[in-house]
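Engineer: Give me a model of this one.
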Amino acid sequence: MASTISVVLILLWTISLVQPHVPQPAGVQVFPPVNFTLTVSALARVLLHWKPNPNQEQKNYTIRYDVKILSPVPKEYDTKKTYSIQTVALHDGFSAHIRTLLLHNDLEMRSAWVKAKLPPPPGAPETSVTNLSCVTHITLSSTVALRCTWLPGPGAPKDTKYFLFYRYETSTEECQDYSKDEWNRNTECSFATTQIDPEGIDNDIVIHVNGSSKYAAIKPFQQLFNQNAIEKVNVPRNVTVFLEQNDLLATWEKPMSLFRKECFEYEFYLFNLKSRNKQILKISSNEFRLQIDVTSRYSIQIRANHHICCTRGFWSDWTESIYVGPKKLENPIAWILTVLCVFTCCTFLLVAMICKINHVWSKLFPPVPTPSNKFRDPFPNEYERARTCTSETETEFGSFTEDLTCSVLDDSVF
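Structural biologist: All right, here's what the predicted structure looks like:
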């Protein structure tokens, strides 16, 4: 029993060390704020506003307010102001607590919490869009283009029409250029130009997608995207590659962007066409030198991304391939195929010429003879017969039929 009491005393002593008692001035009370309200002032923007409690004594005290965001993303901070603006996705609602902090020298006193809540917007379950994804890029006119894609909610009727809006700081725009799926539902939106600042660093882009249907209430959806994290960086420009003795030298300019050149990093892709070896090297400058095998031919490509200055975005596309090194064909398989093809063509031409010279084709494929006429005139001309029989130039090989005819004719005349 004594040992149990000792353990309890030790625990109480330890707790008193960890959480020391905060003395409060006698007769001083801390009252919570009043008129705490939540107001949606823009897409995904909520205004928290309150007023000091009129019963709160302020003489010789510093008053601050402890704010705790409970949903959709937990967050806690304190402020001297009587308002706070939060940018958060509101499709699942919003809730927050606030209390008064009374500070005097080393003393800190807290009031009870005051609560406020925004309910989620109405809509049928599983009707909001899914897999929302957005990409930006800087155009030739130094403006920012935006493209977003999504999938219809699994519970959305086939007649659902989705509509997309974006908000950047104080600017809000609705999409006018959509692509559709097989059910004629909008599933992609493109902005050729936007109000997004191309020099903005890690600002939020709010995307809001709502919808309509004859058969269900479509639940809206909101998502925040970091401006730089969704930028598809442009390709490096003016790439130059050349050989200097046994070294490969490459230089290029930064992608089209308002960021300075130190803000980018690069990947250098080197492919040996002879050995088929591949290398991808990370580079933080605009030039590169590498010792190579000068007997081989190489293919070089470069791509870029953000670095240091802001959040890393999407890698750019690879530049077009640039080739350096001897141009002779090094692949033995290609050589064999080429030689075989040339040999086959030459053999075919040689055989064709020999056949033509020796008339082989006419011997192998003689012409088809024309059939003779087996039918004769039943009434030959009598004059021709007489002339044929009395002619001194009668051929020696006359037919037996003709002689017989001539004899009959003589008998009839004389």
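
Engineer: CA atoms for contacts and neighbours, from now on please.
Structural biologist: Noted.

Engineer: Which stretches in the stretch 101-250 of the chain count as helices?
Structural biologist: Assigned helices in the stretch 101-250 of the chain: none (criterion: DSSP state H, counting those that start in this stretch).

Engineer: So, low pLDDT: which residues of it?
Structural biologist: Within the stretch 101-250 of the chain, no stretch has pLDDT under 70.

Engineer: Which residue ranges of it form strands?
Structural biologist: 107-110, 114-118, 130-138, 144-151, 161-168, 171-174, 178-180, 186-191, 204-212, 221-226, 237-244, 247-253 (DSSP state E, counting those that start in this stretch).

Engineer: got the buried residues for the first one?
Structural biologist: I take that to be strand 107-110. Buried positions in strand 107-110, judged by neighbour count with 16 or more other Cα atoms under 10 Å: Met109, Arg110.

Engineer: Parallel or antiparallel, which strands does it pair with?
Structural biologist: According to DSSP bridges, strand 107-110 forms sheet pairs with strand 94-104 (antiparallel).

Engineer: Quick check, pLDDT for Asn60.
Structural biologist: pLDDT, Asn60: 77.

Engineer: right, and it touches His104 too?
Structural biologist: Yes: judged on Cα atoms under 8 Å, Asn60 makes contact with His104 at a distance of 7.1 Å.

Engineer: Who has more neighbours out of the two?
Structural biologist: His104 (14 against 9; other Cα atoms under 10 Å).

Engineer: what are the bridge partners for the more buried one, then?
Structural biologist: Leu107.

Engineer: ok, now which ones touch it?
Structural biologist: Neighbouring residues of His104 by Cα atoms under 8 Å, 6 or more residues apart in numbering: Asn60, Tyr61, Thr62.

Engineer: what about the second one, distance to Pro220?
Structural biologist: Looking back up the chat, that one is Tyr61. According to Cα to Cα, to the nearest Å, Tyr61 and Pro220 sit 45 Å apart.

Engineer: Among those two, which residue is more densely surrounded?
Structural biologist: In terms of neighbours (other Cα under 10 Å), Pro220 is the more surrounded of Tyr61 and Pro220; the figures are 24 against 14.

Engineer: How much space separates that one from Pro255?
Structural biologist: With the distance defined as Cα to Cα, Pro220 ends up 37 Å from Pro255.

Engineer: List the beta-bridge partners for the residue positioned nearest the centre of the chain.
Structural biologist: What sits nearest the mean C-alpha location of the chain, by Cα atoms, centre = their mean, is Val135, with 8.3 Å. When bridges are called by DSSP bridges, Val135 pairs up with Arg147.

Engineer: now do Lys68
Structural biologist: So, taking DSSP bridges as the rule, Lys68 has Glu76, His97 as bridge partners.

Engineer: Tell me where the model's unsure across the stretch 301-414 of the chain.
Structural biologist: 328-335, 355-414.

Engineer: Kindly recompute the last result at 90.
Structural biologist: Residue ranges of the stretch 301-414 of the chain with pLDDT under 90: 307-308, 325-414.

Engineer: how far away is the closest residue to Trp183 other than its chain neighbours from Gly211?
Structural biologist: Nearest residue to Trp183, sequence neighbours excluded (Cα to Cα, 6 or more residues apart in numbering): Lys158, at 6.1 Å. Noted for Lys158: a distance of 12 Å to Gly211, by Cα to Cα.
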